[in-house]
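A.B. asks: A structural model of the following input is requested.
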Amino acid sequence: MFFDLARLRARGARPCLSWGAGEMLTYAGLADAAGQFGKLLPQDRQLIAVEAAADPEAIIAYLGALAAGHAVMPLPAGDAATAAKLEERFRPAASFRCLDGCWQLLAHSHAAAAIHPDLTLLLQTSGSTGHGRGVRLSAQALDSNALAIADYLEIQPKDRAALILPLHYSYGLSVLHSHLAAGASLWLAPGSVLDAGFADALEASGATSLAGVPHHFRLLESAGLTDALPGRIKTLTVAGGAMEPAQVSAWSARMQTRGGRFYMMYGQTEATARISYLPPELAQDNPGAAGRAIPGGRLLLRNAAGQEVTTAQGEGELIYRGPNVMMGYAESHADLTRGAELEELATGDLARRDANGLYHITGRLSRMSKIAGLRIGHDAIERALAAQGLEAAVWGDDSRISIAVCGPDTGVADLAARLTGVGQQHFTVLRRKSLPRRANGKIDYPALKAQSARRKPAKDVLAIYQAAFAPQSVGRNDSFASLGGDSLRHVELSLALDEALGGAPAGWEEMPIKDLEQSAPAPAASLPFDLAARVLAILAVVVAHQTFWPVFGGAAAMVILMGMSVAGFRWEALQSGDMRSFFKPVAAVLIPYYLILAAYAAAWEQVPWVSVFLAGNFALTIPETHLMLPYLYWFIEAYLQMTLLAALPFALPPVRRWLADQGAFRAGFCFLGSAVALRLGVPEVWNMGSRAQFTVPWVFYLFALGWCITAASTLAQRLLVLAAACVIMPMAAYLGGNWYGGWIKYMWLLALIAGLLFIPRLPVPRIAVRPLMRLAQAAFHIYLLHRFVPELLMPMAGMEGRSGLNDALAVFGGIALGLAAAALQRQLVQAWASTRSRRRISLAQA
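C.D. replies: Just a heads-up that it's a prediction; the model follows:
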C-alpha cells in the first residue's frame, strides 16, 4: 500500500514533499510524522475527517490516519460550511482542520459512525450543489489505481509532480497516491497558475510534471505561459472534463517539440479517479479520444437493452470493470457499514469504440453537465432553486446550462454560480410565464429546449464584434477581453449590445461571443456608472469651453476615466510585457489627432511642429505662432504622455516582474505616490504659470487614482482609495490657487470617485439608456470637434459674439457634430467589415 509507513520509511532521506521557500520533507520524515499523528487518533477503527489542503500537515494527517487503520473523509480546504454539512451527514469520530491559521484535531460529541472493515476512503462526487454523493472506496481500489497510474505514466523516483489540484478532488488525490506509490516527490503549489510569479516558482520547484483540468490549460494559454513552462516539465496530464481536440493537438505538439509527453485522461470518482488514458503517441491522430483502459481495467459498451456493443463505431453506455471500482455510494453515516455492492461501473457516458480500440465520449445519458471539472446535476440545481422559492427548469450540456425560471430572473445566474462553483458565464437564464408540462405533470424539457432554440439575438453579435475590431480577425470563441478591447470599444460595444440584446449582461467583457449570443439581458434599465460619468464629463467640457458657468472638472474627470481604462483593459498586457498589445489602442487616438493636425497645417500653411511631437501642452510656444494646435488638444497629448509614462516601468523586466508580483492595486498605489510627488515637486522647479494645468505632472495623479479605482477589488481597498482621494483632492484645490472654482472642481471629483468606487450601475429610465450611451460612445469625437462649431461654422454664418442663443447653438451644435462624426465612423467601419467579410466568403468559395 502506498500509505504503508514501513515502505515509506525505507526510502530514507529521499525527498517526498516540498513547499514554500525550499522547505522539504523526506520519506522517512513523512513516515515518522504520520506515525506520530496516528497515535493521537482513537484505538478503534473510525472515520476521520481531514481538511485536504495542499499543506504538509494535511498530508501527514491523511497518511497517518490511513496507516493507523482508519477510514478518511477529505474535506474541501477553507470551506467551513461544507465541512460542517459533511460532518453532520457522515459523523466522523474526529476532524483535523485548519482553524484561524492553526491545525487542530477536533473530537466530535456525536456518536461516531460505524464503518465497514473494507472502507478506507469516503470521497464526495463533484456534483457541487452542496449535497454531492459520498463514494465509498476500499484500500484495494486506492492502491490498484495508484499503481496503474504510476505504471502508464512511467513515474520514476526522480520525478516530481507540481500539485495544483485540490486534494479533496479524486484527481488531485490520485496525483499524490501515484507518486507515493512510485517513490517520487511532490511540490505543493501555493496558489493558482495565474498568480504572479507562478512560472518562477514552478521553475524553482524542480517539478518534472504538471497535472490539471482543461481550465488550467486555458489559463496557461491566456496568461501566455505556454512557452514559459520550465524545461524540466516533461509530462503534462489533463482530466476532469473534455478538452477541445484542437487544444489536445496543440499541447501534444508542444510537448513533443520539447521531448515531453501529454496525456489526455478520463475518469470518475466512482473509479477512484482514473478509468482510461490516451497514450501520448496517439494524441495527434486521435485528439478527441478518451483512450484505452488503464492497466488492470477493462472498458466495454452496453446498449439500452443491456447488450454489449461489439460492432466497430457502435455507440452505447461506457462500462468500466476493474479493481478500482467503488464499493458503492453513501448518502449518510448509516451507509458506511455496507460492503462492496458493485463489480462494474456504469459511467453514465455515451461512447463509441473506434477501429484502433480507442474509446470516444459522445454524450451523457443522465441529466448531468461536467463543467470546469465539476459534475453538476440539473435536478440538484432545480431543487436548490426551489428551496429559494423559485420555480425553475434546468437542462444543458458540458459547455452551458440553461435555466428557465418563472417570475423575475434577477440574481438567478449568480445564485446558480454560487451553488455549483462555476462562473455565471456558463448559465443562460430564460424568463417564462409558466413552464410547459406533460400530461403527467412533469416538466416538458423537449418543449423548453425548442423554445430556447427559437430565441435569437436581435442582431448578429459576431458581426457587431467584427465591426468593432476590424480589421482584426474575430471568432465566436473570442471575448472583449481576449481581443484586447479598450475604453473606446467598450463604450461602443456596450451600446451595440444594448441594442442587440436589450441590455449587456453583467460580466459580458469576459464572455465568449458564442455565450453572449445566448445570454439574458441586464435585468433592469440602468447605465454603468463609468459611462454616466463619461457623459457628465464631456458635457462639462463643452459647456465650460463656451460659457462662464461653474462646471469645472470635466477634463479632469476624463483623466480619471482614462486611468480606469488602462488598468481595466491593459493591465494583462503590461504585466506580461506585451507592449504591442498595450499600445494598440493608441492608434485610435493618434489617427484622428493627426488628421486634425493636418487640417490645421493646411489652413495655416505651416506645420505645427510642436504638436507633431505631442509637446504642445508643455508651454513651449503658443497657438498664435501656428507651431502648436489650440490649447484644447492638450488632453490628447497628455493622454499619450501618460500612457508612455505608465508603460516605462514595465519595459524594464526586473521592474515589470516586481510590479506584476505586487498586483494591479499595489502597482496603482506606486503610480499614485509617484504622481503626487510629481504634483508637489515639479511646479517648484519648472514654473509654467497657468499652463502647468495641461501637463503630466499636474494631472498624472488623477490617472493614477482612476487606475486604483479599477484595481480595488475589496471593500478595504475601495475605502483606502477613497481615503487617499479625501487627502489628495483638498490638497489639489489648495495648491491650485485656493479659489472657489478649484474647490468646486475637486469636491465634484471627490464625489465622482466615491460613485465610481461604490455605485456599479445607475438606474435610469429605459428610454434614456441608448441616448446616454450614444453620448458616451461619441465623447472622444465631441471633444475633438466641438469647438469647430463656434470657431469655424458659426462665423461662416455670421453668428459671432457671446449671447444666450449663440452659446446654446455652440454647445448643442458641438455635441451634434461629435455625434455625427461618431455615426459616420461607425458606418465606415461597418462597411469596411462587411466588405472584408464578403471578400473572405468569395475566397472561400473560389
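
A.B. asks: what is the burial count for the closest residue to Gly38 other than its chain neighbours?
C.D. replies: Of all residues not flanking Gly38 in the chain, Ala68 sits nearest, at 3.4 Å (Cβ to Cβ, 6 or more residues apart in numbering). All C-beta atoms are positioned from the backbone trio N, CA, C, and that covers glycine. Using other Cβ atoms under 10 Å, Ala68 has 21 neighbouring residues.

A.B. asks: close enough to count as contact, Ala68 and Leu40?
C.D. replies: No - Ala68 is beyond contact range of Leu40, at 9.1 Å (criterion: Cβ atoms under 8 Å).

A.B. asks: check the residue nearest to Gly38 and give its pLDDT.
C.D. replies: Per-residue confidence (pLDDT) for Ala68: 96.

A.B. asks: make 45 the first number, not 1, from now on.
C.D. replies: Understood, numbering begins at 45; the last thing we discussed is Ala112.

A.B. asks: residue contacts, Arg723?
C.D. replies: Residues near Arg723 by Cβ atoms under 8 Å, 6 or more residues apart in numbering: 741-742, 744-745, 776, 779.

A.B. asks: mind doing that once more with 7 Å?
C.D. replies: By Cβ atoms under 7 Å, 6 or more residues apart in numbering, the contact list for Arg723 reads 741-742, 745.

A.B. asks: turn those residues into TSV, including secondary structure, distance to Ala512 and pLDDT.
C.D. replies: Formatted as TSV, the contacts of Arg723 follow (DSSP: H, G, I helix; E, B strand; the rest coil; distance: Cβ to Cβ, whole Å; pLDDT from 0 to 100):
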residue	secondary structure	distance to Ala512	pLDDT
Pro741	helix	35	89
Trp742	helix	33	88
Tyr745	helix	32	95
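
A.B. asks: most neighbours among these, which one?
C.D. replies: When neighbours are counted by other Cβ under 10 Å, Tyr745 leads the contacts of Arg723 with 28 neighbours.

A.B. asks: show me how the record splits this structure into domains.
C.D. replies: 49-53+63-159, 412-498, 505-567, 573-829, 830-876 (automatic domain parsing).

A.B. asks: average pLDDT across the longest strand seen in the chain?
C.D. replies: For the chain, the strand with the greatest residue count under DSSP state E is strand 388-397. When pLDDT is averaged along strand 388-397, the result is 90.

A.B. asks: I'd like the next helix or strand past it.
C.D. replies: strand 403-408 (DSSP states H and E).

A.B. asks: which residues does that following strand contact?
C.D. replies: For strand 403-408, using Cβ under 7 Å, 6+ apart, the contacting residues are 286, 310, 320, 332-335, 343, 359, 362, 392-398.

A.B. asks: what's the answer for stretch 66-79, then?
C.D. replies: 49, 52-53, 55-62, 100, 104, 107-108, 111.

A.B. asks: could you give the mean pLDDT of the helix or strand where Gln80 lies?
C.D. replies: Per DSSP H and E: Gln80 is located in helix 71-82. Mean pLDDT, computed over helix 71-82, is 96.

A.B. asks: next: stretch 440-452.
C.D. replies: Mean pLDDT, stretch 440-452: 82.

A.B. asks: make a PyMOL selection of the buried ones in the contacts of strand 403-408.
C.D. replies: A single PyMOL command suffices to select whichever of the contacts of strand 403-408 are buried according to 16 or more other Cβ atoms under 10 Å:
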select buried, resi 286+310+320+332+333+334+335+343+359+362+393+394+395+396+397
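
A.B. asks: tell me the centre residue of the chain?
C.D. replies: Note on the chain: the residue nearest the mean C-alpha position is Glu554, at 7.0 Å, using Cα atoms, centre = their mean.

A.B. asks: distance of that residue from Leu474?
C.D. replies: Distance of Glu554 to Leu474, given as Cβ to Cβ, to the nearest Å: 21 Å.

A.B. asks: just to revisit the earlier point, looking at it, the residue nearest to the centre of the chain is touching Ala525, isn't it?
C.D. replies: Yes - the pair Glu554 / Ala525 is scored as a contact, 5.4 Å apart, by Cβ atoms under 7 Å.

A.B. asks: my guess is Leu828 meets Leu639, correct?
C.D. replies: No - checked against Cβ under 7 Å, the pair Leu828 and Leu639 is beyond contact range at 9.2 Å.

A.B. asks: quick check: chain neighbours aside, which residue is closest to Thr279?
C.D. replies: The spatial neighbour of Thr279 that comes closest, neighbours along the chain excluded (Cβ to Cβ, 6+ apart), is Ser253 at 3.8 Å.

A.B. asks: how about Ala327?
C.D. replies: Ser296 (3.9 Å).

A.B. asks: list the contacts for Glu387?
C.D. replies: Arg365.

A.B. asks: can you give me the distance of it to Ala97?
C.D. replies: 35 Å.

A.B. asks: repeat for Phe261
C.D. replies: From Phe261 to Ala97 the distance is 23 Å (Cβ to Cβ).

A.B. asks: now swap in Pro741 and tell me
C.D. replies: In terms of Cβ to Cβ, Pro741 sits 49 Å off from Ala97.

A.B. asks: go on, Thr391?
C.D. replies: Applying Cβ to Cβ to Thr391 and Ala97 gives a distance of 30 Å.

A.B. asks: same question, Ala617
C.D. replies: Distance, Ala617 to Ala97, using Cβ to Cβ: 34 Å.

A.B. asks: ditto for Ile319
C.D. replies: Distance, Ile319 to Ala97, using Cβ to Cβ: 27 Å.

A.B. asks: more crowded one of the two?
C.D. replies: Higher neighbour count among Ile319 and Ala97: Ile319, with 29 against 21, using other Cβ under 10 Å.

A.B. asks: list the contacts for that one?
C.D. replies: 310-312, 337-338, 341, 364.

A.B. asks: go through the residues you listed and name the one nearest Leu676.
C.D. replies: The closest of the contacts of Ile319 to Leu676 turns out to be Tyr310 (Cβ to Cβ; 63.4 Å).

A.B. asks: the nearest residue to Thr665 once chain neighbours are set aside: neighbouring residues, count only.
C.D. replies: Closest residue to Thr665 apart from its sequence neighbours, by Cβ to Cβ, 6+ apart: Leu671 at 4.6 Å. Leu671: 18 surrounding residues under other Cβ under 10 Å.

A.B. asks: cool, Leu676 as well?
C.D. replies: For Leu676, the tally of surrounding residues (other Cβ under 10 Å) stands at 17.

A.B. asks: what do you get for Leu273?
C.D. replies: Counted with other Cβ under 10 Å, Leu273 comes out at 21.

A.B. asks: and the pLDDT at it?
C.D. replies: 87.

A.B. asks: how far away is it from Gly433?
C.D. replies: With Cβ to Cβ as the criterion, Leu273 and Gly433 are 48 Å apart.

A.B. asks: and for Ile826?
C.D. replies: Going from Ile826 to Gly433 by Cβ to Cβ gives 47 Å.

A.B. asks: and these two? Which one has more around it.
C.D. replies: When neighbours are counted by other Cβ under 10 Å, Ile826 and Gly433 differ, and Ile826 comes out ahead with 21 against 7.

A.B. asks: my guess is that one meets Leu583, correct?
C.D. replies: No - using Cβ under 7 Å, Ile826 makes no contact with Leu583, being 8.8 Å away.

A.B. asks: quick one: average pLDDT of the helix or strand harbouring Gly862?
C.D. replies: Using DSSP H and E, Gly862 falls within helix 848-889. In this model, helix 848-889 has an average pLDDT of 72.

A.B. asks: repeat for stretch 233-253
C.D. replies: 86.
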